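Colleague: Output the structure for:
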Amino acid sequence: MKAIPTVQKFMTHVPKSIGFDQTIAQASEFMQKLHLRHLPVLKGGQLIGILTDRDINLVLGFKDVDASVMKVEEAFTPDPYFTSPTAPLNEVVAQMAEKKYGCALVVDNGKLVGIFTEVDAYKALAELLETRLKH
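Modeller: Alright, predicted model coming up:
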């Protein structure tokens, strides 16, 4: 039986991120331009949370919200799901499924080193099915 791969094999390395003091408009434009749904939020180089397209859509749904003035720090999700690069893939995917997380932030020695998203999980599933179940 083959060993279960770790999350680092399938994660997106060196993910794009955004500063907590950027505006929602800047974040939205950045995410649309790069086709991202999740942006780690940094403050002074430290990871403090995640901003998702869902967070942006939620705040933009409120009356009197000006996306060119509102800051990321007012809309991001603190305390996102973190994991280490050496975490077994099955454990990370199980946690994401159980808690309905769209991504896991991969942290090593307190530094953001990757992001593992639902799309990364689909790619991992496809590869694992192809390489392990194909006869």
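
Colleague: from here on, contacts and neighbour counts on C-alpha atoms
Modeller: Will do.

Colleague: any idea of the mean pLDDT in stretch 33-41?
Modeller: For stretch 33-41, mean pLDDT rounds to 95.

Colleague: Hmm, G19 is touching L47, no?
Modeller: No: contact criterion Cα atoms under 8 Å: G19 and L47 do not qualify, at 9.4 Å.

Colleague: Between the two, which contacts overlap?
Modeller: Between them, G19 and L47 have V41 as joint contacts when contacts are counted by Cα atoms under 8 Å, 6 or more residues apart in numbering.

Colleague: Below-threshold pLDDT in this structure: ranges please.
Modeller: Within the chain, the set of residues satisfying pLDDT under 70 comprises 1, 134-135.

Colleague: ranges for the strands of it?
Modeller: With DSSP state E, the ranges of strands along the chain come out as 12-13, 18-19, 38-43, 46-52, 77-78, 82-83, 103-108, 111-117.

Colleague: and the longest helix for the protein?
Modeller: Determined from DSSP state H, the single longest helix within the chain is helix 118-132.

Colleague: Could you tell me which residues within stretch 79-89 count as buried?
Modeller: Within stretch 79-89, the residues that count as buried by 16 or more other Cα atoms under 10 Å are P80, Y81, F82, T83, S84, P85, P88, L89.

Colleague: Name all residues that make contact with the second one.
Modeller: Contact partners of Y81, counting by Cα under 8 Å, 6+ apart, are Y101, C103, A104, L105.

Colleague: Among those residues, which one sits closest to E29?
Modeller: Checking the contacts of Y81 against E29 by Cα to Cα gives C103 as the nearest, at 20.2 Å.

Colleague: Tell me, how many residues neighbour that closest one?
Modeller: Using other Cα atoms under 10 Å, C103 has 25 neighbouring residues.
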